[in-house]
Each structure stands twice: as structure tokens, then as C-alpha cells.
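S.K.: no sequence on this one, just coordinates:
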């Protein structure tokens, strides 16, 4: 069974500096029908104007993944990390027993467009930690590249959850099929472009929950970038 989440049905937060679209319930947006998918709790698509961002705030007991689609995102946290995340890089912050961080657009002229993802960890009160890695486009072009996994295999960042995240960049007419292990679920989030998922069209911002399907078949109609979450 595939359940599609239309991009126009997502929640929205708009301020003078932020345009955020919420696939699942988040902050002041609450939809009992969309509170997450298995251990996947949040997918926010954020656009932040130049020079603005999220001031220091705290988190606990959550795996937080950031993936920049365009522009750059400056990160600082209470562990002493200070980095800039750019397209093709994946950041994982394990909030654990508590962490304080800020996220800003360091550019004075260009907006930043990024996805922030929350995954519920398999244990609470873990030590806070941070990881960031680059995954060049050549590793993602025409195929699914594993970028996050519980054991950090194949150069992926590590997660404290039985979840795997793949990113793929497909050109027009390219296909990527994925076999689903029994009992697991798939969430596909389309970051840009147009695809057909098992024959049904999806557009930028759309999502889809896949359960009790042996295979997902993805065919790109345009240049695309997509995220595939494989969760227990």
C-alpha cells in the first residue's frame, strides 16, 4: 500500500524570515492524521532569507538530520561545533541528554533552502554527539546513495535507530528500484523534480508512505533529487 502526502496539504509556518512546510505535525501545526511515520517524526522544508535564522534553542532525545538543497547553513552548538553545511553534505546531531544549537543563513545575498529531519532514537538519554559528511553528486547520480545508517556502513553517518536514509539524483528517464524487506516501511520525500512512484506521479515537496509492498519503482520525468527512508 502506498499513501501519498500532497505537498499542498502540508502545514506551514511563515514569518518575516522563514517559510517552513511541515510534512508531519510540528510546533503550532497539529494534524492527528500526520504525526510521523514509524520512527520518522519530522520533515520540515525550510527557506530562510539572507542573514537570518534560528537563534540558540535546546533539544533532547532526538536524532536531527539537516540536508541543504541550495545555499548554506551555519551551525553552532553547545558541544563546541561550528560548521557550515552546503549542498551534498549531511549533518546528524544527536540531542540525547540535551544540546543547545543555532542555525543561520550566513549569506548576505542568497536564501538557504534545506530539509530538517527528526528521527526518534532507539534509546533515551544518550550522550549528545555530532557528525557531518559530504556525499558528492557523483556518488548519488543515477542511484541511491546510503547516507545514514545505524552502523555507519559504507561511509554513511551513524544513527541511533534502526533506520536508513538514501539520497538519489536521477535524470530524465532514469530509474531506481528498491526492494523492501518484510516488516519495514519506506517514506519517500521528493526534494525537487517530478517522478513516478510505482506509476503514480509525484512532484517537488510530495511525500509517500510505503508499507506491505515488495518493491518501489522510481522513474524520473525531470532532473530530480529524492530522499528514501527505510525504517523498522
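M.R.: Cool, the structure landed. This one's a predicted model, so the numbers in the text were calculated from it and none came from an experiment.

S.K.: ranges for the helices of this structure?
M.R.: 137-140 (DSSP state H).

S.K.: Run through who's touching stretch 136-156.
M.R.: With Cβ atoms under 8 Å, 6 or more residues apart in numbering as the test, stretch 136-156 has contacts from 65, 88, 90, 92, 133, 135, 157-171, 174, 176, 178, 228. Yep, even glycine has a C-beta here, placed from its N, CA and C like the rest.

S.K.: Name only those of these that count as buried.
M.R.: Those of those that meet the buried threshold are 65, 88, 90, 92, 135, 157-161, 163-170, 174, 176, 178, 228, by 16 or more other Cβ atoms under 10 Å.

S.K.: middle-most residue in the chain, spatially?
M.R.: Nearest to the centroid of the C-alpha atoms of the chain, with distances taken as Cα atoms, centre = their mean, sits residue 117, at 4.4 Å.

S.K.: Next one: it from residue 85, what distance?
M.R.: As judged by Cβ to Cβ, to the nearest Å, residue 117 and residue 85 stand 13 Å apart.

S.K.: what is in contact with these two at once?
M.R.: residue 66.

S.K.: Please name the bridge partners of residue 165.
M.R.: With DSSP bridges as the criterion, residue 165 is bridged to residue 148, residue 229.

S.K.: what separates it from residue 227, distance-wise?
M.R.: On the measure of Cβ to Cβ, residue 165 and residue 227 end up 6 Å apart.

S.K.: next one: residue 150
M.R.: As judged by Cβ to Cβ, residue 150 and residue 227 stand 17 Å apart.

S.K.: and what of residue 169?
M.R.: Applying Cβ to Cβ to residue 169 and residue 227 gives a distance of 11 Å.

S.K.: about what we covered before: residue 150 and residue 227 - which one has more neighbours?
M.R.: Using other Cβ atoms under 10 Å as the criterion, residue 150 and residue 227 rank with residue 227 on top: 22 against 15.

S.K.: list the contacts for that one?
M.R.: 67, 115, 165-167, 188-189, 191.

S.K.: hmm, back to that, what's the residue nearest to the centre of the chain in contact with, if anything?
M.R.: When contacts are counted by Cβ under 8 Å, 6+ apart, residue 117 touches 40, 42-44, 64-67, 165.

S.K.: what pairs with it across the strands?
M.R.: residue 43, residue 65.

S.K.: Hmm, residue 71 and residue 109 touching each other?
M.R.: No. Between residue 109 and residue 71 there is no contact under Cβ atoms under 8 Å: 10.0 Å.

S.K.: quick one, which of these two is more surrounded?
M.R.: Neighbours were tallied for residue 109 and for residue 71 using other Cβ under 10 Å; the higher tally belongs to residue 71 (20 against 7).

S.K.: Isn't the more buried one up against residue 107?
M.R.: Yes. Between residue 71 and residue 107 there is a contact under Cβ under 8 Å: 6.2 Å.
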